[in-house]
Structures are given as structure tokens and as C-alpha cells.
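>>> attaching a predicted model along with its sequence, questions to come.
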Amino acid sequence: MRKTLEELWHGNITPQTKQFNRGTRYDEALKRLCKNEEKLNALLDDKEKEIFGKYKGHKDELNQYTEEDVFITGFRLGARIIIESFHEYDGFFSEIDA
């Protein structure tokens with residue numbers, strides 16, 4: 001465990017830096033998004049492009065907050081599951097003595 005914490009502290013573990021695989025559903029959705037963004041930009045004048053750029057920036061900022069919160073929530077859930085697994089079994093059944 002200490003090794004993992006040390007690696008995290010030194011910045012050697014960075015789960016947020018990954019690349020996506022080509023040909024996946026993510027890749028296809030990204031292609032559609034980019035294609036439609038190009039089409040939209042072609043229809044906008046300079047002022048509208050500036051507003052749209054700001055909109056995208058604000059949307060990206062909100063996505064970062066959301067991703068951070070989901071990461072923390074998932075990590076906490078995983079930790080709670082691990083902690084709970086060490087508790088005494090309190091279910092309806094017991095082991096059969098052989």
C-alpha cells in the first residue's frame with residue numbers, strides 16, 4: 001500500500017491521463033461531435049464564434065468539476081466496500097460444520 005501512495009504522491013500515478021482507443025463507441029461519438037462543431041462554426045459569424053467558444057470553455061469547466069466529484073464518490077464507495085468486507089458476517093446463513 002505504501003508503494004502506491006508514494007507513487008501517487010510523486011505524480012507517477014495519473015489516472016486522468018489516458019488516451020482513448022480508436023474504433024470504440026467513444027471514438028465514434030467524438031467524431032460526430034467534432035463534425036457537428038465544424039458545421040456549426042461554419043454558420044457562425046465572428047461574434048457568435050466567440051460566444052460559442054466561451055460556452056465550450058464553461059462547459060469544459062463544469063465537466064471537470066463533475067469528473068472530479070464522480071472520481072471521489074467512486075473512490076469512497078470502493079473504500080466503504082473494502083472496509084465493510086472486513087466486518088463480521090451478519091447475514092441469514094452460517095457455515096456448515098463438517
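Now that the structure is in, tell me what you want to look at.
>>> give me the below-cutoff pLDDT ranges for this structure.
Scanning the chain with the threshold set as pLDDT under 70 gives 1.
>>> show me the residue sitting in the middle of it in space.
Centroid-nearest residue in the chain: residue 67, 4.7 Å away (criterion: Cα atoms, centre = their mean).
>>> so that one, which of the three states?
Here residue 67 is recorded as helix under DSSP: H, G, I helix; E, B strand; the rest coil.
>>> and it, how close does it get to residue 31?
Residue 67 sits 21 Å away from residue 31, taking Cβ to Cβ, to the nearest Å as the criterion. Every residue, glycine included, has its C-beta placed from N, CA and C.
>>> before we move on, what about residue 71?
26 Å.
>>> so what secondary structure elements neighbour whichever strand or helix holds residue 35?
Here residue 35, judged by DSSP states H and E, is contained in helix 25-43. On a contact count with 3 or more Cβ pairs under 8 Å, 6 or more residues apart in numbering; DSSP states H and E, helix 25-43 meets helix 46-85.
>>> any idea of the angle the helix it packs on forms with helix 25-43?
Calculated by axes from the mean of the first three to the mean of the last three Cα atoms, to 10 degrees, helix 46-85 forms an angle of 160 degrees with helix 25-43.
>>> off-centre distance for helix 46-85?
7 Å (Cα atoms, centre = their mean, to the nearest Å).
>>> which secondary structure elements does it contact?
Using 3+ Cβ pairs under 8 Å, 6+ apart, helix 46-85 sits against helix 25-43.
>>> 6 Å instead?
Of the remaining helices and strands, none touches helix 46-85 by 3 or more Cβ pairs under 6 Å, 6 or more residues apart in numbering; DSSP states H and E.
>>> chain neighbours aside, what residue packs nearest to residue 15?
Leaving aside its sequence neighbours, residue 15 sits nearest to residue 71 (Cβ to Cβ, 6 or more residues apart in numbering; 7.7 Å).
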